[in-house]
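K.L.:
coords please:
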Amino acid sequence: MDVKRTLLSWPVVRQVATGDLLGRGPAVTSRQTRELAPRTSTADRVVQSVCPYCAVGCGQRVFVKDERVVQIEGDPDSPISRGRLCPKGSASEQLVNSPGRQTKVRYRRPGGTEWEDLDRDTAVDLIAERFIESRRRGWQDHDENGRPLRRTMAIASLGGATLDNEENYLIKKLFTAAGAIQIENQARI
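P.N.:
Take a look at the predicted model:
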């Protein structure tokens, strides 16, 4: 695109001519810049969410167009973050739209060299069987002096801060009921 340049088209000349001495107004914007529209203006709907990264729980506004996330921004109505997001929270749109995102359960058998896809029910069954077997093998009913322990050292839990208080409470109750005593959460570390 061949644009004829004149002295009057220079931004500094336009700044002086229009009185925009600090260069913050229309004197310094190009036609292309003026014609830009934010991705958020074309969204079909806005969904409120919480950032999945740390324990702070910053509010997010998720902009959706044609059932696809097009932008994620801080939620100014959030009493926690008041519209602000850290760099990771600002980039969380990549969690959904990244071409490298795993959308299937992947499993590599012990001693195997290749990954295979598993259906969700099979994966849950594998995890449950291993959980129960580990608990059974590592169960300690009494210590060497005969005092009751009723615990297992073969199971531990490290919870993530992306879960809310209610979910973390239920996980804590599950692992405690199973006899695990090594229960920790990312938010405390």
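K.L.:
Contacts only, for Lys88.
P.N.:
Neighbouring residues of Lys88 by CB atoms under 8 Å, 6 or more residues apart in numbering: Cys51, Tyr53, Cys54. All C-beta atoms are positioned from the backbone trio N, CA, C, and that covers glycine.
K.L.:
quick one: what helix or strand has it in it?
P.N.:
helix 87-90 (DSSP states H and E).
K.L.:
Buried ones in that helix, by neighbour count?
P.N.:
Using 16 or more other CB atoms under 10 Å as the test for burial, helix 87-90 gives Gly89, Ser90.
K.L.:
Generate a PyMOL selection restricted to the buried subset of the contacts of Lys88.
P.N.:
The PyMOL command for the buried members of the contacts of Lys88 (criterion: 16+ other CB under 10 Å) is given here:
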select buried, resi 51+53
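K.L.:
how long is stretch 70-87 from one end to the other?
P.N.:
Across its full length, stretch 70-87 reaches 17 Å between end residues, using CA to CA, to the nearest Å.
K.L.:
So what's the gap between it and the chain middle?
P.N.:
13 Å (CA atoms, centre = their mean, to the nearest Å).
K.L.:
pLDDT averaged over the helix or strand that the helix holding Lys88 is followed by - what is it?
P.N.:
Next along the chain after helix 87-90, taking DSSP H and E as the criterion, comes helix 93-97. For helix 93-97, the mean pLDDT works out to 88.
K.L.:
what's helix 93-97 in contact with?
P.N.:
Pro52, Arg68, Val69, Val70, Gln71, Ile72, Arg101.
K.L.:
tell me which element the residue nearest the centre of the chain is part of?
P.N.:
Taking CA atoms, centre = their mean, the centroid of the chain lies closest to Pro52, which sits 3.3 Å from it. Pro52 belongs to no helix or strand when assigned by DSSP H and E.
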